[in-house]
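Student: I'd like to go over a predicted model; first the sequence, then the structure.
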Amino acid sequence: METTNLLQGGCLCGALRYQVSAMPFDSDYCHCSQCQKSSGSVAVSWMDFNVEQITWLKGAPTEYASSTTIRRGFCNQCGTSISYRSTDYPNYYTLTIASLDEPNRVPPKYHIYTDNQVAWLKIADDLPKYRGGRSEGES
């Protein structure tokens, strides 16, 4: 399988464009309150890469420090939430699955922070569900 330029994506207005040279090593639905507030959605679907696998073709996200170690990236023109990174793990970079040109190519593998899931959202898939972070065990 060809491993270069497998996936491309960007923000709503097109000011940000990226490509990745491999499929993500992980993907999830996050239900935490920080993701909810930063996206305006009840959950965000993320995909994880090694930082060297991502190339910004046009622009670069503006980052907001949502905590001492977390940086949330967005387009400073249209506001699209597009990235997440932890300064504790500088070799990893996370992008929103919905920012892909073909988001159907990357299905999430599990749900995290389901303790914070809104009550009216009923999850009907069979994916593992973790009450907190993935290291905190399934619910």
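Tutor: Received the coordinates, thanks.
Student: After the lowest-mean-pLDDT helix or strand in the chain, which helix or strand is next?
Tutor: None of the helices or strands of the chain scores lower by mean pLDDT, DSSP states H and E than helix 33-39, at a mean of 95. Sequence order places strand 44-50 as the next helix or strand after helix 33-39, per DSSP states H and E.
Student: how far out from the middle of the chain is that next one?
Tutor: Put simply, strand 44-50 sits 4 Å off its chain's centre (C-alpha atoms, centre = their mean, to the nearest Å).
Student: hmm, who's touching that strand?
Tutor: Residues outside strand 44-50 that contact it (C-beta atoms under 8 Å, 6 or more residues apart in numbering) are 20, 22, 24-30, 35-36, 38, 81, 84, 91-98, 100, 103, 106, 108. Yep, even glycine has a C-beta here, placed from its N, CA and C like the rest.
Student: Looking at those, which are in strands?
Tutor: 20, 26-30, 81, 84, 92-96 (DSSP state E).
Student: can you list the residues you listed in TSV and add pLDDT, neighbour count and distance to G132?
Tutor: Below are these laid out as TSV (pLDDT from 0 to 100; neighbours: other C-beta atoms under 10 Å; distance: C-beta to C-beta, whole Å):
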residue	pLDDT	neighbour count	distance to G132
V20	97	23	28
D26	97	14	16
S27	98	18	18
D28	98	24	13
Y29	98	23	14
C30	97	21	11
S81	97	21	21
Y84	97	24	17
Y92	97	15	19
Y93	98	22	22
T94	98	24	17
L95	98	25	22
T96	98	23	21
